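Novice: kindly return the folded structure for what I paste below:
(4 chains)
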Number of protein chains: 2
Amino acid sequence: MFSKSCEYGIRAMIHIAQQQETTGRVSLKDIAREIDSPEAFTGKILQTLTREGLLNSLKGPTGGFELAREAGKINLAEIVLAVDGDNLFNGCALGLSTCDSEKPCPAHEKFAIVRDELTLMLRTSILDEMAMGLKNGVSFLTR
Amino acid sequence: MFSKSCEYGIRAMIHIAQQQETTGRVSLKDIAREIDSPEAFTGKILQTLTREGLLNSLKGPTGGFELAREAGKINLAEIVLAVDGDNLFNGCALGLSTCDSEKPCPAHEKFAIVRDELTLMLRTSILDEMAMGLKNGVSFLTR
DNA sequence: TCTATTTCAGACAAAAATGTCCGCTATTAT
DNA sequence: ATAATAGCGGACATTTTTGTCTGAAATAGA
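Specialist: Numbering: from 1, shown residues only, chains lettered A, B, ... in the order given. I've put the predicted structure just below:
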């Protein structure tokens, strides 16, 4: 569904949202440890998220990452788009480049419905709600 | 969403379903040409589908592939499962190995709903209906 | 200023997915 | 029988994804 990079990216964003409320900026080392991901590789993904405007970063001691906007205004769809691009949202399920409602593939109609629901679900999955769940012990990020 | 292998596999199965009604067995060469896929690679995927019991194959002149069951009794979920495995149906959206309703990831609840709908959509996408759409010019497999 | 810390950038490495090639086997037709 | 055809199996090649390493740049604190 999502690439490994995207999985790490989402987990990192949720962790940052939950962590920065109490401790401010979060370091790569802390993030990688908490979400159980390879540190250097996660660094690359956080760079991407920073370039895409979803994170701010600061170098040096006390440096680290923080959300570029408040956690109530960032949703999963943005993160997926930033890391994996728009293929999940726009691409044909069967990989056809010409598939649209004018010239649909055999799965187009049914697939469009599910994809729209997936898109909606991602757009309505807000970081602060997920961070809240983590804090309350309702959900977990441990593998 | 699906791997390239899976996209080719689905397109091949739909083409076979539509083609075999009139011409019987369908050759790899014909399939690869019609669904615009690399021939040798597609051959590997058809071997998998044959091993998984979704296709029958026959060697030699007049050989080729045919559906192992009638097209009305094969759905997309079976093809996806045969080629890509069960990760799409069972795996955690964030890649956590421990994620379930007991110890859910922050996206578990919302994601489960969409995934169930995707599963249902795949189960109710039947080969003969899609083959029909192709034959009637309602849908297309050309890239 | 000097040092320690932390992110950034680019090169490099390993693994997985995608794709190719070739000889073998089974089957059909002559 | 023999030749031609078409799928099978395994090795090999390429590309993409995933992951690592190193040195540079920026920043904070002593």
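Novice: going forward, measure contacts between C-alpha atoms and count neighbours the same way
Specialist: Will do.
Novice: show me the shaky parts of chain A.
Specialist: Scanning chain A for pLDDT under 70 picks out nothing.
Novice: so which bits of chain A are right by DNA strand D?
Specialist: A:3-5, A:38-41, A:44, A:58-63 (CA under 7 Å from any atom of the strand).
Novice: for those, give me a markdown table that also has secondary structure, distance to residue A:113 and neighbour count.
Specialist: Converted to a markdown table, the residues of chain A next to DNA strand D look like this (DSSP: H, G, I helix; E, B strand; the rest coil; distance: CA to CA, whole Å; neighbours: other CA atoms under 10 Å in any protein chain shown):
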| residue | secondary structure | distance to residue A:113 | neighbour count |
| --- | --- | --- | --- |
| A:3 | coil | 22 | 15 |
| A:4 | helix | 25 | 14 |
| A:5 | helix | 26 | 18 |
| A:38 | coil | 36 | 13 |
| A:39 | helix | 38 | 15 |
| A:40 | helix | 38 | 12 |
| A:41 | helix | 35 | 12 |
| A:44 | helix | 34 | 13 |
| A:58 | strand | 42 | 13 |
| A:59 | coil | 44 | 9 |
| A:60 | coil | 47 | 6 |
| A:61 | coil | 48 | 7 |
| A:62 | coil | 46 | 11 |
| A:63 | coil | 44 | 14 |
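Novice: near DNA strand C at all, stretch A:62-80?
Specialist: Yes. Counting by CA under 7 Å from any atom of the strand, DNA strand C has neighbours in stretch A:62-80: A:62-65.
Novice: in that stretch, what counts as buried?
Specialist: Residues of stretch A:62-80 classed as buried by neighbour count (16 or more other CA atoms under 10 Å in any protein chain shown): A:64-68, A:71, A:74-80.
Novice: could those be laid out in a markdown table, adding distance to residue A:131?
Specialist: What follows is the buried residues of stretch A:62-80, written out as a markdown table (distance: CA to CA, whole Å):
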| residue | distance to residue A:131 |
| --- | --- |
| A:64 | 18 |
| A:65 | 16 |
| A:66 | 14 |
| A:67 | 12 |
| A:68 | 16 |
| A:71 | 8 |
| A:74 | 12 |
| A:75 | 12 |
| A:76 | 12 |
| A:77 | 16 |
| A:78 | 16 |
| A:79 | 15 |
| A:80 | 17 |
